[in-house]
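1. What would the 3D arrangement of this be:
(2 chains)
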Protein chains: 2
Amino acid sequence: MDITKFAIPEIIFGRGSMNHAGQCALRLGAKKVFLVSDAGIEHAGWVQRLMDILEKEGIRWIYYPGVTSNPRDFQVEQGAEFYRKNGADVIIAIGGGSALDTAKGIAIIASNGGKIRDYEGANRVHRPLPPMVLITTTAGSGSDISQFCIITDVERGVKMSIITRTLVPNISIVDPLILRTKSKTLIIQSAVDALAHAIESYVSTIASPFTEMHSLKAIDLIIRYLPHAVATQSLDSLEQLSIASVSASMAFSNASLGVEHAIAHSLGGHFDMAHGVIHPILLTGVMRYNIDSAREKLGDIGRVIINKDLGSAEKNALAGIEKLEQFFSSLDVSLRLRDEISEDKKHFLKPICKLAVNDACNLTNPRPASWQELLKICEEVW
Amino acid sequence: MDITKFAIPEIIFGRGSMNHAGQCALRLGAKKVFLVSDAGIEHAGWVQRLMDILEKEGIRWIYYPGVTSNPRDFQVEQGAEFYRKNGADVIIAIGGGSALDTAKGIAIIASNGGKIRDYEGANRVHRPLPPMVLITTTAGSGSDISQFCIITDVERGVKMSIITRTLVPNISIVDPLILRTKSKTLIIQSAVDALAHAIESYVSTIASPFTEMHSLKAIDLIIRYLPHAVATQSLDSLEQLSIASVSASMAFSNASLGVEHAIAHSLGGHFDMAHGVIHPILLTGVMRYNIDSAREKLGDIGRVIINKDLGSAEKNALAGIEKLEQFFSSLDVSLRLRDEISEDKKHFLKPICKLAVNDACNLTNPRPASWQELLKICEEVW
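-> Got it, this is the predicted structure:
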């Protein structure tokens, strides 16, 4: 086996684990915390709750609320300026992927200087980042676990993947109680994001025995618990989706992803679409594209999805893809690109695929893909 | 689910991963490395190899060779004195559990002062330790991954368990190439140690979804690959045992262990016996002791060991225990305590069990145990 690396943060998981945030900050030497979140999380009361937890421990904080969904380069750079001006020493972010990625982007610029686009790609951040405690409010993005940070380059209209071990936070807090304030739509989008992470990381060319079992576990839990979580929003099923998301994140952070995420980053950067909206449209198309290069592994995935063994990898793989298509149909999500993008903008797919082919996620797809092949996948799901 | 914590080091795994040691030390800010190992590893050439790797990166080092098997309290305290005198800043240890636990013990005293027995038990180390890179030369102890450190208190004749998240090293390097210089006996003892970690952590009262799958994976790999590794010492099977050991270590470090390890610590402390010698004697007896309190989980373990499902947890559990007894019989190991301890010393079992009942591992056993019950287990396997 080639040399493989596996790095994850310390994880504090469970109902009420958010209460540990203050002690975590103290353990990391916090005197003044830089708190990052967004209006939605504020509105749900979680930011105030976190401030109370910090104050109880006698920790000062400064709050940076400038997070929007699909965070942009200039926002991150403004945030870093704000960080520097206020002399903070530990970053705590609470939110979905956007808030956490904003915090990571701020951490990069605050300690490494320059512009965020200087760090696009793999392993381009050289100086250590401020200590980070990330508290996820979704069960999907995995930003609280991963070495990924996705920031939109406004000028090029592309979501940049910044990937480096340094971006693994010190501590990830996963508190399923927070999920109770989420809409059904967000629960679905987050779970589908975690599912795409699990599937793409499992077939990745750099998957390892340390990532593979996490991928399969996540797939199993999402297929089993998402319908129930959507129907009932029960805490037990939300907790299972949280476990799935942590597992999927441990996997993709260390095994990376594939073509589906490469396209999703470019599509999302251009049309401001959330990952969770794109995956049900693209994922099974990409699985079919990969089948000749990853038959055994897609067979393993199929076996988990259909929960039986049809006797051959090919049969399991195809049955899994079909069941997954039915699974997406049963959710209230778009299944075609045309449901999300108007006909008069279809011509953007070509430049989008030309950008996607250079995304770092493309490097680890089991079947190499040219931009023409990416475009063909997009046209098939138009 | 209760709040659960999961902390592991960054892991660099694979053939030749030892070559990364210098870069790891630099990343942790090393100017002068404190190198810990023992005569056996030196003799096999690995210490010189490591010195060469550090020198290639321009890193100075000071070598502390004072490691013996089952490290004693005074040795650790001497090592800490040597560390302080030499102004080192990063600890790199290469060896089996003894060398790595010595390094951890030195790290505790060097930064926290006092005597090593001051830290016995859970969470008693308060100040941060020097950065540590641990390179394991066995596939078993898991000290390179875990938050455990086992040091013998000479006066009381007991192996103390020191357990704290701070003991998780920064980086664990697992290079299966190193295993090629190991004897068959050591391969068996190490694998059996990992197997005991996997089984006890799986039935632990604080096992979590993040530890359970690692436990089962490790059990599966050890049952499948140990016989082949012993027969052929092929690198492929040694690599699988390394993966098993890493998995078992991630599990037990976060889920802790049980009665079997509690007894093994006290027995080992008194008679200077290696864990790997004790487990084949005690493990299945402890599994039988636990069966009424952990039927489902021992059933899961049984299903993995026998690689089929007999239809009930009870049947799977019992068949698994029987198969495990056959498995141990097929290895060249002692199966009875009387094979290791002479009759005239049998009376020490009583004070040993009275010590064992206070071991931290006893707290997470699925079935509570008094010292009398521990003694009964020991007598049954006499």
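
2. May I have stretch A:30-39 exported as CSV, CA atoms only?
-> Taking C-alpha atoms only, stretch A:30-39 is exported to CSV below (Å, rounded to 0.1, in the frame of the first residue of the first chain):
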residue,chain,number,x,y,z
ALA,A,30,-8.1,31.5,24.4
LYS,A,31,-8.0,35.0,25.9
LYS,A,32,-10.2,36.6,23.2
VAL,A,33,-12.3,34.4,20.9
PHE,A,34,-13.1,35.4,17.3
LEU,A,35,-16.7,34.2,16.9
VAL,A,36,-18.0,33.6,13.4
SER,A,37,-21.6,32.9,12.4
ASP,A,38,-24.4,34.1,10.3
ALA,A,39,-27.9,35.7,10.6
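
3. For the closest residue to A:Asn112 other than its chain neighbours, grab phi and psi.
-> Leaving aside its sequence neighbours, A:Asn112 sits nearest to A:Arg127 (CB to CB, 6 or more residues apart in numbering or on different chains; 4.9 Å). In this view, the C-beta of every residue, glycine as well, is placed from N, C-alpha and C. Dihedral pair for A:Arg127: phi -90, psi 150, per degrees, to the nearest 10.

4. can you check the one 10 residues further on too?
-> Backbone torsions of A:Thr137, given as degrees, to the nearest 10, read phi -110, psi 10.

5. again, but for the one 3 residues further on
-> Main-chain torsions, A:Gly140, degrees, to the nearest 10: phi -160, psi -60.

6. ditto for A:Ser172
-> phi -110, psi 130.

7. does any part of the host helix or strand of A:Ile173 sit near chain B?
-> Using DSSP states H and E, A:Ile173 maps to strand A:171-174. No - judged by CB under 8 Å from any CB of the partner chain, strand A:171-174 stays clear of chain B, getting no closer than 9.0 Å.

8. Can you list the strands that that strand pairs with?
-> Paired with strand A:171-174 in the same sheet, following DSSP bridges, are strand A:10-13 (parallel), strand A:132-136 (parallel).

9. pLDDT of it, averaged?
-> The pLDDT scores in strand A:171-174 average 98.

10. again, but for stretch A:371-382
-> Rounded mean pLDDT across stretch A:371-382 is 96.

11. about what we covered before: what separation do you get for the residue nearest to A:Asn112 and chain B?
-> 11 Å (CB to the nearest CB, to the nearest Å).

12. Over to A:Ile108: give its phi and psi.
-> A:Ile108 adopts backbone torsions of phi -60, psi -50, taken as degrees, to the nearest 10.

13. can you check A:Ile62 too?
-> According to degrees, to the nearest 10, A:Ile62 has phi -130, psi 140.

14. Any idea what it is bridged to?
-> On the basis of DSSP bridges, A:Ile62 is bridged to A:Phe34.

15. contacting residues for it?
-> By CB atoms under 8 Å, 6 or more residues apart in numbering or on different chains, the contact set of A:Ile62 is A:32-35, A:82, A:86, A:88.

16. Quick one: buried ones out of the residues you listed?
-> Buried members of these, scored by 16 or more other CB atoms under 10 Å in any protein chain shown, are A:32-35, A:82, A:88.

17. Which of these sits closest to chain B?
-> A:Val33 (18.9 Å; CB to the nearest CB).

18. rewinding a little: export the strands paired with strand A:171-174 to JSON lines and append columns for mean pLDDT and mean neighbour count.
-> Below are the strands paired with strand A:171-174 laid out as JSON lines (pLDDT from 0 to 100; neighbours: other CB atoms under 10 Å in any protein chain shown):
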{"stretch": "strand A:10-13", "mean pLDDT": "97", "mean neighbour count": "22"}
{"stretch": "strand A:132-136", "mean pLDDT": "97", "mean neighbour count": "27"}
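
19. So which residues of the stretch 51-200 of chain A form strands?
-> For the stretch 51-200 of chain A, the strands defined by DSSP state E, counting those that start in this stretch occupy A:60-64, A:90-95, A:121-122, A:132-136, A:148-153, A:158-163, A:171-174.

20. where does the stretch 51-200 of chain A come near chain B, residue by residue?
-> A:Arg165.

21. By proximity to chain B, which residue of the stretch 51-200 of chain A wins?
-> Going by CB to the nearest CB, chain B is nearest to A:Arg165 of the stretch 51-200 of chain A, at 7.1 Å.

22. longest single helix anywhere in chain A?
-> Counting by DSSP state H, the longest helix found in chain A is helix A:209-232.

23. Alpha carbons of that one, in CSV - could you do that?
-> Extracted in CSV, the C-alpha atoms of helix A:209-232 (Å, rounded to 0.1, in the frame of the first residue of the first chain):
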residue,chain,number,x,y,z
PRO,A,209,-8.6,1.1,4.7
PHE,A,210,-9.0,4.0,7.2
THR,A,211,-11.4,5.9,5.0
GLU,A,212,-13.4,3.1,3.3
MET,A,213,-15.2,1.8,6.3
HIS,A,214,-16.3,5.4,7.2
SER,A,215,-17.7,5.9,3.7
LEU,A,216,-19.7,2.7,3.7
LYS,A,217,-21.0,3.4,7.2
ALA,A,218,-22.2,6.8,6.2
ILE,A,219,-24.0,5.5,3.1
ASP,A,220,-25.8,2.9,5.2
LEU,A,221,-26.9,5.4,7.8
ILE,A,222,-28.2,8.0,5.4
ILE,A,223,-30.2,5.5,3.3
ARG,A,224,-31.7,4.1,6.5
TYR,A,225,-32.4,7.3,8.5
LEU,A,226,-32.9,10.2,6.1
PRO,A,227,-36.5,9.3,5.2
HIS,A,228,-37.4,8.9,8.8
ALA,A,229,-35.6,12.1,9.8
VAL,A,230,-37.5,14.0,7.1
ALA,A,231,-40.9,12.5,8.1
THR,A,232,-40.5,12.9,11.8
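
24. how distant is it from the center of its chain?
-> Mean-position distance between helix A:209-232 and its chain equals 15 Å (CA atoms, centre = their mean, to the nearest Å).

25. and the residue in the stretch 251-382 of chain A positioned nearest to chain B, what element?
-> Chain B sits closest to A:Asn254 of the stretch 251-382 of chain A, with a gap of 9.2 Å, by CB to the nearest CB. Assigned by DSSP H and E, A:Asn254 belongs to helix A:235-255.

26. Show me what counts as buried in that helix.
-> Buried residues in helix A:235-255 (16+ other CB under 10 Å): A:237-255.

27. Point to the residue nearest the middle of chain A.
-> For chain A, the residue sitting closest to the mean C-alpha position, by CA atoms, centre = their mean, is A:Ser141 at 2.7 Å.

28. ok, that residue - contacts?
-> The contact partners of A:Ser141, by CB under 8 Å, 6+ apart, come to A:96-97, A:100-101, A:190, A:193, A:275.
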